[in-house]
Structures are given as structure tokens and as C-alpha cells.
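> Structure for this input, please:
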Amino acid sequence: MASPLSPVVVLGRFPPPADGQTLATERCASFLDDVFDVRRLDTQAPGADPLTAHPRFDLGRTLHYVGLRRRLAATLRETPTAPVLWHAVSPARWGHLRDVLATAPAFAPDQPVVAVFHRAGFESLFESAVTARTAARLVRQLSAVVFHSQALADRCADVIPESKVRLIPNTVRDAAVLSAEAASARRAEGPGTPLRVLFLSNLLPEKGFADVLEAVGQLHGRGVAVEATFAGRWPDATTRVAFEDRARALGVRVAIPGAVADPAEIRRLHLDADVFALPTTHPTETQPIAILEALAAGTPVVSVDRPILRDMMADGVEGALVRPHDPAALADAIGRLAEPAPWRLASSAARARFEAAFSPAIVGGLWQALAAEWMAAS
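Numbering: from 1, shown residues only. A predicted model of the protein is given here:
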């Protein structure tokens, strides 16, 4: 059995900035802190923008990763058999080039390396003659690969051996979790009037914030008392101005608090909301932490019908899954949750799903077991 002081390396992007990947990487490391000697190695490039889904060539970032290879190799020489949990594996071409040239060569020959896929689309590297061979070589080098859900693993079934696949879902920070007593009291209150809708994510077009605004506008037009909060970081001022103009044209009441990183504030936003709406069609989406935060708070969720989201919730149970890019369907689903009975059922189911599959206790145990598995094998 692993010693409490056995070293484990957690390699990836750590906060700041506080985006889904950095938060998940730090959460993994925090679960291991009480059991192992965790060595955090931050790969964050200066000036990196978390809203850039597919990074392009940048000389400054390239020089950063060239230097990172040397620093990483020097650090790993101190613990050449320690398991490495590698949280920064990329499905994008430029990112893959970084992985195979700057990161993978730094690992010791017999070092257990477990890749954690925080972004979907790794299988696309095998569809290009430019990256297919290097991606296959990288998979052979890896000891295991962590996916957040079976749906994501299924997408890579033809390129990653089943024997290497491990499933560990995301979870949330402890301060974002509503207590059982508070969740029960909240269910007793039921939905409010006006109905309060929350969107919480980076405000990228593919996250669906414009569809949520249109849905809220449709509910308003039907005579439903409704208001909405859109919390997150805007990619640029032009996008925000266009959003505000459209909200005024629809005549709906919206709040725009900006980016929110404090988990206690996130919990408060969910307490103040009746429905969480995130109709994301982001191409590299894996398992949105924002939806897990909603489930943890017992907030019914309305999202879109995609395999990765069906692994998180079921249509008509914790909320609703509707067709992508369909504000009318969003409006119908949100409107149904204005009624106390279906709202209470969805709130109870949301909290139960979180406790059964995504709680910190469950996810932390899975990370500790994974590290111990490769500690024993090293």
C-alpha cells in the first residue's frame, strides 16, 4: 500500500484563471494532498486566454513550452517513478504539437503517466495525417486515460484501448455545495415569483447564452413573470453591448454581475435562482462544472440533448434536455419548472444525482484509488 508521503505529480493548468479545467486540476490535487506528497507542476502559459478553445501559434507561448520541457524534466528527475496525472492533454493540433514535443519527452522511460481529458475531441487527431501517428504514439506511452463520462470514452473507443480507460467525473469545490438542510429548506419554499433563471459560464456564443435570453424573452411575451442573471466573463465588449441591446429590445429584466470565481458566491447565485439554463453546444465540452454546481444546489437544470449531458442528467428528471438552438423549446422547459410540484421533484432529483455520482467524497475516493493503483505499479 502507498505510503502517505509517496510522491504524486499533478501536471496541468492551475488557477488563475479560474476556468473549468484549472478548477478541476486543482480539485484533483486537493483530493490527493492528505494521502500523498503532491507535486503541482503548472503548465500555464503567461497571457493564456481560457476563452480561446483552439490556440493558434504564438511565439511567446512557444518559448514558454520550450522552457517548460527543460523545467519539467529537471523536476521529474527527482521522482522518476512517481505517477504523473497529466491534466493538460490537448485535442487541438497546436496543443498536440506542444504535448508531443514539450511535455511527453520529459517523462522518465518507466514513469506511469495518466492523461486526464478535460476537453473532448482527442479522437479527431487520428483523422488527420499530420497528427494520427503522433497521437497513436502518445496513447502507447500513456499508462491510462481518464474520461469524465462513458459518453466521452465511447468517442475514443477506436483509438484508445479499453484496458487503459478510467472513468472519474468532475465535482465541485466544497464551498459550492449546499448543505442537506439548506437544500431541503429550499425545496420546501419552491420556485419564486418572478421565476429566476440563472446562466453561469463564460459568455461564449457556443455556450448558448443568446438562446437563454431569447427564451426568457418568449416567456416574458407570454405573460410569465421572469427575470434572468447572466454571470460570466465576456469575450469582448462588442458581444456584451449586443446582448444588452437585445435584452432591452425584448423588454426583459436581466442582471449581469460579471465573472464569478468565489464558490460561496456561486452557491448564493444558485440559492437565488429557480432554474439553471446552460444550452451549451461547445465542441470540446466534457462535463460542465457549472451544471454540477446547479445539481449540488438542488437547482433544476435545462440544457441540450447531447450524449455528454445525458450522462449528467435525464430529461424530465433533474430538469430538461431540449433540442440545440431552440429558444422556444427552452422557454417551454423553463416555463414548466415555474410550477411548484414539478420544480420540487426536479430539485430533489438534482440533489440526489449529485450525491450519488458527483459528490466530492465519491470523486475524491476515485482519484485517490487511481493514484494508489499506479503507485503500486511503479
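> And the residue nearest the centre of the chain?
The centroid of the chain falls nearest to residue 288 when counting by CA atoms, centre = their mean (3.6 Å).
> Look up how far residue 276 lies from that one.
10 Å (CB to CB, to the nearest Å). C-betas here are computed from N, CA, C, even on glycine.
> How about residue 323?
18 Å.
> which residues touch the helix or strand that contains residue 372?
Counting by DSSP states H and E, the element that carries residue 372 is helix 360-377. Helix 360-377 is contacted by residues 1-2, 6, 8, 27-28, 31-32, 35-36, 83, 85, 112, 114, 143-144, 146, 166, 168-172, 174, 177, 356 when judged by CB atoms under 8 Å, 6 or more residues apart in numbering.
> How about residues contacting the lowest-mean-pLDDT helix or strand in the chain?
Of all the helices and strands that make up the chain, the one with the lowest confidence by mean pLDDT, DSSP states H and E is helix 59-76; it has a mean of 80. Helix 59-76 has contacts (CB under 8 Å, 6+ apart) with 9, 11, 39, 41, 43, 45-48, 55, 82, 84, 98, 101-103, 105-108, 111.
> So which bits of stretch 278-298 are buried?
Using 16 or more other CB atoms under 10 Å as the test for burial, stretch 278-298 gives 278-280, 282, 284-298.
> Of those residues, which belong to helices?
Counting by DSSP state H, these place 289-296 in helices.
> Export those to CSV and append columns for pLDDT and distance to residue 336.
Putting these into CSV (pLDDT from 0 to 100; distance: CB to CB, whole Å) gives the following:
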residue, pLDDT, distance to residue 336
289, 95, 25
290, 95, 21
291, 97, 18
292, 97, 23
293, 96, 22
294, 96, 17
295, 96, 18
296, 95, 22
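> related to what we said a few turns ago, packing partners of the next helix or strand after the least confident helix or strand of the chain?
The helix or strand immediately downstream of helix 59-76 is strand 84-86, counting by DSSP H and E. Contact here means 3 or more CB pairs under 8 Å, 6 or more residues apart in numbering; DSSP states H and E; on that basis strand 84-86 packs against strand 7-12, strand 113-116, helix 360-377.
> Was I right to think residue 323 contacts residue 333?
No - look at residue 323 against residue 333 with CB atoms under 8 Å: they stay out of range, at 10.3 Å.
> neighbour count winner among the two?
Shown here are residue 323 and residue 333; by other CB atoms under 10 Å, residue 333 has more neighbours (24 against 11).
> so is the more buried one in a helix, a strand, or just coil?
helix (DSSP: H, G, I helix; E, B strand; the rest coil).
> and the residue of the chain positioned farthest from its centre, what element?
Distance to the chain centre peaks in the chain at residue 223, reaching 34.9 Å (criterion: CA atoms, centre = their mean). Per DSSP H and E, residue 223 falls between elements, in no helix or strand.
> what's the span of stretch 126-137, first residue to last?
11 Å (CA to CA, to the nearest Å).
> Going by neighbour count, list what's buried in it.
126, 131, 134-135.
> ok, now stretch 331-345?
Within stretch 331-345, judged by 16+ other CB under 10 Å, the buried ones are 331-338, 342-345.
> Which two among these are spaced furthest apart?
Spatially, the most separated pair among the buried residues of stretch 331-345 is 331 and 344, at 21.0 Å (CB to CB).
> gap between the residue farthest from the centre of the chain and residue 214?
17 Å.
> do the same with residue 263
30 Å.
> ok, which stretches of the protein are helices?
So, for the chain - with DSSP H - the helices run 20-32, 59-76, 93-98, 132-141, 150-155, 180-189, 209-221, 237-250, 263-271, 289-296, 307-310, 327-336, 340-353, 360-377.
> Could you say which one of these comes nearest to residue 119?
Across the helices of the chain, closest to residue 119 is helix 20-32 (CB to CB), at 7.3 Å.
> Tell me where the chain is predicted with low confidence.
Residue ranges of the chain with pLDDT under 70: 1-4, 47-62, 378.
> so what are the domain limits for it?
7-171+359-377, 174-358 (automatic domain parsing).
> Confirm for me that residue 303 is in contact with residue 324.
No - the pair residue 303 / residue 324 is not scored as a contact, 9.6 Å apart, by CB under 8 Å.
> who touches both of those two?
With CB under 8 Å, 6+ apart as the test, residue 303 and residue 324 both reach residue 279.
> Comparing the two, which residue is more hemmed in?
Under the criterion of other CB under 10 Å, the comparison of residue 303 against residue 324 puts residue 303 first, with 29 against 17.
> so which of the helices of the chain is the most packed in?
Mean neighbour count (mean count of other CB atoms under 10 Å) peaks for helix 289-296 among the helices of the chain, with a mean of 27.
> Which strands or helices does that helix pack on?
Counting by 3+ CB pairs under 8 Å, 6+ apart, helix 289-296 packs on helix 20-32, strand 195-200, helix 263-271, strand 275-277, strand 301-304, helix 340-353.
> could I get the ones you listed as CSV with distance to residue 218?
What follows is those, written out as CSV (distance: least, CB to CB, whole Å):
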stretch, distance to residue 218
helix 20-32, 29
strand 195-200, 12
helix 263-271, 23
strand 275-277, 13
strand 301-304, 13
helix 340-353, 19
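> do you know which of these lies nearest residue 207?
strand 195-200 (8.0 Å).
> quick check: angle from that closest one to helix 263-271?
If you take axes from the mean of the first three to the mean of the last three CA atoms, to 10 degrees, strand 195-200 sits at 150 degrees to helix 263-271.
> List the buried residues in strand 195-200.
195-200.
> Then stretch 161-172?
164-166, 168-172.
> Show me the two of the buried residues of stretch 126-137 that sit farthest apart.
Top of the distance list for these (CB to CB): 126 and 134, 10.1 Å.
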